[in-house]
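Enquirer: Need a 3D model of the sequence below.
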Amino acid sequence: MSAKQDHTAEHLIQYLRQLAPQVRRRLLAELERLHLLGEDIPHSEPLIAALRAEFRNTGQNHYRVGNPSRYFFEPLEPVLVDRAPERANSGQIARGSLAPIWSLVTEQLLRSMAADYIANATDVISADRQHEARQLAQAFQKKVLISLNGLLGSAEGAAGIRDGLMAYTSSHATFDDLKKMLRYLDMQRELEDFGRALPPKIARLEGASLDKVLGLLTALKARHADAVPFALTIVAKRLETPWELLSIATVPADDRAAARIAASPFAIAVSMVIDQIEEKHLLLLFALRNSRPTRAKEIVSEIYRIEEALRTEIELRGSEWARHLDDLMTAVQAAVDAEISTIPGDHRHLTHILESPRLRPDHSFGHKVGHMFEKGWDVVAGLLAGNTDQSSR
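Expert: Numbers count the residues shown, from 1 in each chain. Below you'll find the predicted structure:
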């Protein structure tokens, strides 16, 4: 960062210190959400770092720091993801949604009950009585569930909750995360049982391990169909290779045809694997913006492996999955092309195929991107390293 940028960031931080703590908490939640969406906001990283340090040092009630809120949201941990609420699928809840949900509950809906819970929980947490802290959290959860479910039962109540959340975030998707939170907590016991029946880590999802997971999912689906997306998220977190979640959709169908797989009981697993490419695309943009060539190279390799698995296991042509995947791979190509365009002309002979229309074959665009990226990235990395050295002088 240049001296001018340092001065600008410091000026913004000084301005923030004049705002009320509640406003700063909301700003932090918004900056984190936009950061996870891949938005390039000037000077945001030092602002986020400064705000996080403030709440970490003072113990103010950002949900990550406030222990009573941490115990309240603890049951959701298996399905929490570090994605923006807009990017969270039906089996995921964005961590960034927890702060505005907590503020809505404690500042608007149940202020008196929340104050009692926070005071009592703080005391027992300070005394390291964790079991008692969880009991208090469970009791407060029940009160929150009753209140929110009652309000959501009417159009007027639902509109009130939606408007209430907008006081703490500009993300409309936080309302969806709140509804997902309520569904998850309603099925918490069954989902916890499901998680306990799984191995802590699944090296390969095949053979006996796949049969076991499919059996558990089938039994859960028979009791609570709404629990399946959450259960698939839990499985994906246990997998050493998360895109192997694809097998849960393809194996029961016993067919490569997209239409047959779409009619299988766990077809949503395909969309969840495609979501993994979307998430990695955002990570790729972040790595490229921050001159991290080694990490960017790894991410592109991971993307093409997921794409190759999707195109190998499923005959995607003509499906909605194909359109979504093609759009994502086009975005990945654009990110790579933008980086390659920064290479001086005398090095273009190493990477010219990246700019060719032939880079988008029917079968595996990603494979060729990964292959060419492997060949050309050493040049990119060297140039970036050179620029870094010059800027530090």
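Enquirer: Could you use CA atoms for every contact and neighbour count after this?
Expert: Noted.
Enquirer: Tell me the confidence at the residue nearest the centre of the chain?
Expert: Centrality entry for the chain: nearest residue to the mean C-alpha point is residue 83, 2.5 Å, by Cα atoms, centre = their mean. On the pLDDT scale, residue 83 is placed at 87.
Enquirer: wait, it sits on residue 89?
Expert: No - with contact defined as Cα atoms under 8 Å, residue 83 does not count as touching residue 89 (9.7 Å).
Enquirer: ok, back up a step: how much space separates the residue nearest to the centre of the chain from residue 96?
Expert: Here residue 83 is placed at a distance of 8 Å from residue 96 (Cα to Cα, to the nearest Å).
Enquirer: one step back: from residue 275, how far out is the residue nearest to the centre of the chain?
Expert: As judged by Cα to Cα, residue 83 and residue 275 stand 11 Å apart.
Enquirer: Ok, residue 207 next?
Expert: Distance of residue 207 to residue 275, given as Cα to Cα: 25 Å.
Enquirer: higher neighbour count, the two?
Expert: Neighbour totals were compared for residue 207 and residue 275, and residue 275 leads with 19 against 8 (other Cα atoms under 10 Å).
Enquirer: mind listing what the more buried one touches?
Expert: residue 89 (Cα atoms under 8 Å, 6 or more residues apart in numbering).
Enquirer: Just the element for it, please.
Expert: Assigned by DSSP states H and E, residue 275 falls within helix 268-289.
Enquirer: just for the stretch 101-250 of the chain, where's the confidence low?
Expert: Applying pLDDT under 70 to the stretch 101-250 of the chain flags no residue at all.
Enquirer: which residues sit in contact with the closest residue to residue 118 other than its chain neighbours?
Expert: Spatially, and ignoring its direct neighbours in sequence, residue 118 is nearest to residue 68 (5.7 Å; Cα to Cα, 6 or more residues apart in numbering). For residue 68, the contact set (Cα under 8 Å, 6+ apart) comprises 117, 118, 121, 122, 125, 133, 137.
Enquirer: Filter those residues down to the buried ones.
Expert: Burial by neighbour count, judged by 16 or more other Cα atoms under 10 Å, picks out 117, 118, 121, 122, 125, 133, 137 from the contacts of residue 68.
Enquirer: So which of those residues sit within strands?
Expert: Within these, membership in strands is found for no residue, as judged by DSSP state E.
Enquirer: can you put these in JSON lines and add distance to residue 279?
Expert: Shown next, in JSON lines, are the buried ones among the contacts of residue 68 (distance: Cα to Cα, whole Å):
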{"residue": "117", "distance to residue 279": "36"}
{"residue": "118", "distance to residue 279": "35"}
{"residue": "121", "distance to residue 279": "36"}
{"residue": "122", "distance to residue 279": "36"}
{"residue": "125", "distance to residue 279": "35"}
{"residue": "133", "distance to residue 279": "35"}
{"residue": "137", "distance to residue 279": "32"}
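Enquirer: Tell me the one among these nearest to residue 248.
Expert: residue 137 (34.5 Å; Cα to Cα).
Enquirer: what's the neighbour count on the nearest residue to that closest one once chain neighbours are set aside?
Expert: Leaving aside its sequence neighbours, residue 137 sits nearest to residue 72 (Cα to Cα, 6+ apart; 5.0 Å). Using other Cα under 10 Å, residue 72 has 22 other residues around it.
Enquirer: Ramachandran coordinates for residue 72?
Expert: phi -60, psi -40 (degrees, to the nearest 10).
Enquirer: re earlier: quick one: buried residues of the helix holding residue 275?
Expert: Residues of helix 268-289 classed as buried: 268-288 (neighbour count, 16+ other Cα under 10 Å).
Enquirer: repeat for stretch 175-189
Expert: By 16+ other Cα under 10 Å, the buried positions in stretch 175-189 come out as 175, 176, 177, 178, 180, 181, 182, 183, 184, 185, 188.
Enquirer: how about the CA coordinates for the helix or strand hosting the third one, as PDB?
Expert: Spelled out, that is residue 177. Using DSSP H and E, residue 177 falls within helix 173-186. What follows is helix 173-186, C-alpha atoms only, in PDB (Å, rounded to 0.1, in the frame of the first residue of the first chain):
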ATOM      1  CA  ALA A 173     -30.600 -12.500   1.800                       C
ATOM      2  CA  THR A 174     -30.200 -12.300   5.600                       C
ATOM      3  CA  PHE A 175     -33.900 -12.800   5.900                       C
ATOM      4  CA  ASP A 176     -33.500 -16.100   4.000                       C
ATOM      5  CA  ASP A 177     -30.700 -17.100   6.400                       C
ATOM      6  CA  LEU A 178     -33.000 -16.300   9.400                       C
ATOM      7  CA  LYS A 179     -35.600 -18.700   8.000                       C
ATOM      8  CA  LYS A 180     -33.000 -21.400   7.400                       C
ATOM      9  CA  MET A 181     -31.800 -20.900  11.000                       C
ATOM     10  CA  LEU A 182     -35.300 -21.600  12.200                       C
ATOM     11  CA  ARG A 183     -35.700 -24.700  10.100                       C
ATOM     12  CA  TYR A 184     -32.300 -26.000  11.200                       C
ATOM     13  CA  LEU A 185     -33.100 -25.500  14.900                       C
ATOM     14  CA  ASP A 186     -36.500 -27.200  14.500                       C
END
